[in-house]
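> need a structure here:
(chains A and B)
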2 protein chains.
Amino acid sequence: MMKMKIGLLGFGVVGQGVWQLLEMNEQEMLTHAGVQVEVLKILVSDVHKDRILSSDNPLYTTQWKDIVYHNDIQTVVELMGGINPAYQCIKEALKSGKNVVTANKALLAQHGVELTKLAEEHKVQLRYEASVAGGIPVLQAIRDSLSANVINSIIGIVNGTTNYILTRMTQEGSTFEDALQAAQEQGYAEADPTADIEGFDAAHKLTLLASLGFKTEVSFQKVYREGIDKISPLDIEYAKELGYVIKLLAIARCLNGRIEMRVHPTMIPAGHPLAAVNDAYNAVYVKGNAVGELMFYGKGAGALPTASAVMGDVINVARHQQQVNAPTCPLHYQPSGKEVQAMDQTSTAFYIRLLVKDIPGVLGRIATTFGGCGVSLSSVIQKGETEPVSLVFVTHKTRELALRQAVKDILHMDELVEVASVIRVEELS
Amino acid sequence: MMKMKIGLLGFGVVGQGVWQLLEMNEQEMLTHAGVQVEVLKILVSDVHKDRILSSDNPLYTTQWKDIVYHNDIQTVVELMGGINPAYQCIKEALKSGKNVVTANKALLAQHGVELTKLAEEHKVQLRYEASVAGGIPVLQAIRDSLSANVINSIIGIVNGTTNYILTRMTQEGSTFEDALQAAQEQGYAEADPTADIEGFDAAHKLTLLASLGFKTEVSFQKVYREGIDKISPLDIEYAKELGYVIKLLAIARCLNGRIEMRVHPTMIPAGHPLAAVNDAYNAVYVKGNAVGELMFYGKGAGALPTASAVMGDVINVARHQQQVNAPTCPLHYQPSGKEVQAMDQTSTAFYIRLLVKDIPGVLGRIATTFGGCGVSLSSVIQKGETEPVSLVFVTHKTRELALRQAVKDILHMDELVEVASVIRVEELS
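Okay, the predicted model is just below:
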């Protein structure tokens, strides 16, 4: 039996989930994983807040140094979120020879290279399974089980909030605003939903997935990012008509040594397994050159699912403590990085919805404009009896640069009322 | 960099897949996993068979002792399949202090307890990720990433052959016989398909999943097993009408300390993620008391996907070699086993299709018979203008014993022509 003494930095939803999980499964972890976990200290900013432990609990401290420099704590579990003071706390903990388990994707996406290097230097472990897709053990799979593969692509629905909103819009025909409000009422969206809606959260997770999958240092700043706030019920409807479903995808591909990283709303075939990932569920689709296509599906957030990943890491820290060649979870690599493909050089198909004046020959002139830019069309839908007329185009796979030029040319046409939407289409085959 | 010298017992589809994978990804494994794998010997029964290596390759041997007792081989990779001589080879290898990696589910389902105990005694590793669901890293997830959970249930589509056949029947309306033939032509089914069709293969895999998930010794003999050969296109059609899809499920549940293990064709809701697992794909659905529902999806067979899991294990053996507390993959547990629920005590809903004579009151009398046995009905479909009339019943969840009694009583009714099918229904909620 191994003992693991931990300190919790943060005691919000996930922190209390960890506590609850320890109470619930203490015996299971002891008997089967062979690890006895004991919480020695808990950092809170205000002891009087309503939590599952009473405010006079002796474990509480309001000073992070009480945990990070504690003599008996072996593993610091960081669940504060945000960059500061989490960044400083983790650095100090690693330097003090403590292992660190964290769920902080924003921090790792920005400082992960430095932090995993620091962990290696101090011969301690830094684990972060909970930072991507909550309870789904996808990082361990990529890092460990799939290590005989060259990973070709990783495509994820990794943000529960936006997936919940898009599911409501698809299943009930809601507007984005109504679906967002429903998400907030259900506790699936924050009061300020920017990080989720605009794809920052998904981009943080994609940074980690791409780095682990392609074994390269990845800069979060190089992830192309587009949110879901411009998706209209009309686009959802046209998608259905065309056999697609709209999802916010986080896409990382490695092609000819260059990597592509982008987060944007995407039309995908309605029959693809990712299309069936609904509500607040997450899924990550991984393609390896030997294993082929794999999908990992489950709850990407929530107190207990996230705590499951956090405690899985704590148990793994314990199990690997005496190991000479402990498998680490590096985000730093030599040589330091693969080149990131510029967004205008990527190729996808596109859905374009235009509103135009009802003038004879307008469809022909627009189609000619696409053709003039080298963009070839795979389907066209014309609808609407009164002006403005809706024209929907789906292109074949095309260079983003060519599509942008075509849209620019169309914007100059007198017949155009509005470029209502441009959404990328991925066949995922 | 670590070196790992291996010997291959068997050089069929998977064995040659391993060789191919080593050629393809040698650099990747060396650079990123830090492991250099070298094949020292390959056991074949006949060197002249047509394979990717020519018959005079010096690695070939026809004597398993050349591998199992080889001084320099550190890990024996068993890919022969079948019980003998694989059983003896693995025992001897473990006793000689060699690590063993195997994909042999039949062997592990029957002798896994003894073999993992033997590995522990001789302080070597026995790994077998490829034995369940091919390339999908589900065993590692259950054993390792989910170790902070109590696993409540594991439900899998773990046999590609039967899933391919059921998919053809569902999508094209084929008969079982035609779909089986198509599977054989595509290389998805063996010339003698018994092990797949009758659920033996799925039952072997379920034995391993249940043992790892519930941390208990499990006897393969106690798995209830029913094949798919009696499923008719008519049942597939009725399933559709009722909102279900028919899959061969391997189900393991732990309820009040007792475990349920059964493999049988099952109607599941068409909207459930498992219902979308088609063709030769596999998927395993795991429910943990913290993580909630997870699904792992991918290719359950094939040379490279299986080789991906085998080589992942070999790399893990190398990484954990110098570890004092190497995480083992035990199938032996103390206390030795949880009680297995008798099949007639399990509860599911049922679909029953009867052919009856067109006599006034027949529906009423049959419904009364169900009621008399305590089986309550949730839906009834009556169809057919000419005799015999089709009567389809779906029951609420009921004890298997009660359902069997009802069917027995119905078999005695004069109006009955035939009990055409009885298929379990799982709502999976």
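> Test of understanding: give the bridge partners of A:Leu249.
Residues in a beta bridge with A:Leu249, per DSSP bridges, are A:His264.
> wait, it sits on A:Ser153?
No - if you go by C-beta atoms under 8 Å, A:Leu249 and A:Ser153 don't touch, sitting 11.0 Å apart. C-betas here are computed from N, CA, C, even on glycine.
> Neighbour count: the two, which is higher?
A:Leu249 (24 against 20; other C-beta atoms under 10 Å in any protein chain shown).
> Show me what from the stretch 251-400 of chain A comes close to chain B.
Residues of the stretch 251-400 of chain A that fall close to chain B, judged by C-beta under 8 Å from any C-beta of the partner chain: A:271, A:273, A:276-277, A:288-299, A:302, A:304-305, A:307-309, A:311-312, A:314-316, A:319-320, A:322-325, A:327.
> change it to 7 Å
Within the stretch 251-400 of chain A, the residues that sit near chain B (C-beta under 7 Å from any C-beta of the partner chain) are A:273, A:276, A:288-299, A:304-305, A:307-308, A:311-312, A:315-316, A:319, A:322-325, A:327.
> PyMOL command for the buried members of those residues?
Typed into PyMOL, the line below selects the buried ones among these, using 16 or more other C-beta atoms under 10 Å in any protein chain shown:
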select buried, chain A and resi 273+276+288+289+290+291+292+293+294+295+296+297+298+299+304+305+307+308+311+312+315+316+319+323+327
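> Among the residues of the stretch 251-400 of chain A next to chain B, which lie within helices?
Mapping these onto helices (DSSP state H) picks out A:304-305, A:307-308, A:311-312, A:315-316, A:319.
> can you tell me which residues contact the residue of the stretch 201-350 of chain A found nearest chain B?
Nearest residue of the stretch 201-350 of chain A to chain B (C-beta to the nearest C-beta) works out as A:Met311 at 3.5 Å. A:Met311 is in contact with A:18, A:21, B:148, counting by C-beta atoms under 7 Å, 6 or more residues apart in numbering or on different chains.
> any idea of the pLDDT on the most centrally placed residue in chain A?
Chain A has A:Ala202 as the residue nearest its centroid, 3.1 Å off, counting by C-alpha atoms, centre = their mean. Per-residue pLDDT puts A:Ala202 at 98.
> Over to A:Glu190?
At A:Glu190, pLDDT is 87.
> That one and chain B, how far apart?
Using C-beta to the nearest C-beta, to the nearest Å, we find A:Glu190 at a distance of 21 Å from chain B.
> Relative to A:Tyr164, how far out is the closest residue to that residue other than its chain neighbours?
With sequence-adjacent residues excluded and distances taken as C-beta to C-beta, 6 or more residues apart in numbering or on different chains, A:Glu190 is closest to A:Asp196, at 7.1 Å. To A:Tyr164, A:Asp196 is 10 Å away according to C-beta to C-beta, to the nearest Å.
> quick one: which of these two has more around it?
A:Asp196 (25 against 22).
> now that one, what's its secondary structure?
Following DSSP: H, G, I helix; E, B strand; the rest coil, A:Asp196 is assigned to helix.
> Just the strands from the stretch 51-200 of chain A, written as ranges.
Ranges of strands within the stretch 51-200 of chain A are A:60-61, A:75-78, A:99-102, A:126-127, A:151-157, based on DSSP state E, counting those that start in this stretch.
> got the ones you listed as CSV, with mean pLDDT and distance to A:Leu355 columns?
Shown next, in CSV, are the strands of the stretch 51-200 of chain A (pLDDT from 0 to 100; distance: least, C-beta to C-beta, whole Å):
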stretch, mean pLDDT, distance to A:Leu355
strand A:60-61, 98, 59
strand A:75-78, 98, 49
strand A:99-102, 97, 47
strand A:126-127, 96, 51
strand A:151-157, 98, 30
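> Quick one: closest of those strands to chain B.
Closest approach to chain B among the strands of the stretch 51-200 of chain A (C-beta to the nearest C-beta): strand A:151-157, 9.2 Å.
> picking that back up, put together CSV for the ones in helices among the residues of the stretch 251-400 of chain A next to chain B, with pLDDT and distance to B:Thr398 on each row.
Putting these into CSV (pLDDT from 0 to 100; distance: C-beta to C-beta, whole Å) gives the following:
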residue, pLDDT, distance to B:Thr398
A:Leu304, 97, 32
A:Pro305, 96, 32
A:Ala307, 97, 36
A:Ser308, 97, 33
A:Met311, 98, 38
A:Gly312, 97, 38
A:Ile315, 95, 40
A:Asn316, 93, 43
A:Arg319, 88, 44
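> Please identify which of those is nearest to A:Asn57.
A:Asn57 lies nearest to A:Ala307 out of those, by C-beta to C-beta, at 18.4 Å.
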